[in-house]
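S.K.: got a sequence here, can you build the structure:
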Amino acid sequence: MSDENEYQKEASSLQPGQTVTIIDEQNALTLTEISHACSVQTGYIIELVDEGLITPEIATEEHEPHRWRFSGAQMRRARTALRLQSDLGINLAGVALALQLLDEIETLQMRLNVLNNW
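M.R.: Numbers count the residues shown, from 1 in each chain. Next comes the predicted model:
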């Protein structure tokens, strides 16, 4: 799904009085910022990193979450993981599988678009 379609889908699901966090794709988010943007505790984001569901752009050899930086794409992935868990009750292993399948679908859609434009 393109970013524009994803934004439109999310905007249409807003309820009156809800706030929106706009993320600049050029600036990396700290652990605190991504946690705030996803409305979760920092421990949840650390758990997603530990499980390999999201990856900090700036990672260190040691486990130093205060130095991690996340892209907007990783924030969207964390929000998708959260929705899968909260809406469908999927555990982290199931979330990992679902995210992998969503990634494969996106790759196949891009390949199909290239072939259609060829």
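S.K.: which residue ranges of the protein form helices?
M.R.: Along the chain, counting by DSSP state H, helices occupy 3-12, 31-38, 42-50, 72-88, 92-116.
S.K.: ok, which of the ones you listed comes nearest residue 56?
M.R.: Among the helices of the chain, the nearest to residue 56 by CB to CB is helix 42-50 (6.4 Å). The C-beta positions use only the backbone N, C-alpha and C, and glycine is treated the same way.
S.K.: counting neighbours, which bits of the closest one end up buried?
M.R.: 44, 45, 48, 49 (16 or more other CB atoms under 10 Å).
S.K.: pLDDT on stretch 96-105, on average?
M.R.: The average pLDDT within stretch 96-105 is 96.
S.K.: what's the offset of it from the middle of its chain?
M.R.: Relative to its chain's centre, stretch 96-105 lies at 12 Å (CA atoms, centre = their mean, to the nearest Å).
S.K.: buried set for it?
M.R.: Buried positions in stretch 96-105, judged by neighbour count with 16+ other CB under 10 Å: 96, 98, 99.
S.K.: ok, for residue 29, nearest residue in space, not its chain neighbours?
M.R.: For residue 29, ignoring the flanking residues on the chain, the nearest one in space by CB to CB, 6 or more residues apart in numbering is residue 70 at 4.6 Å.
S.K.: okay, which residue is most central for the protein?
M.R.: With distances taken as CA atoms, centre = their mean, the residue of the chain nearest its centroid is residue 77 (1.6 Å).
S.K.: my read is that that one contacts residue 51, right?
M.R.: No: here residue 77 lies out of contact with residue 51, judged by CB atoms under 8 Å, at a distance of 11.9 Å.
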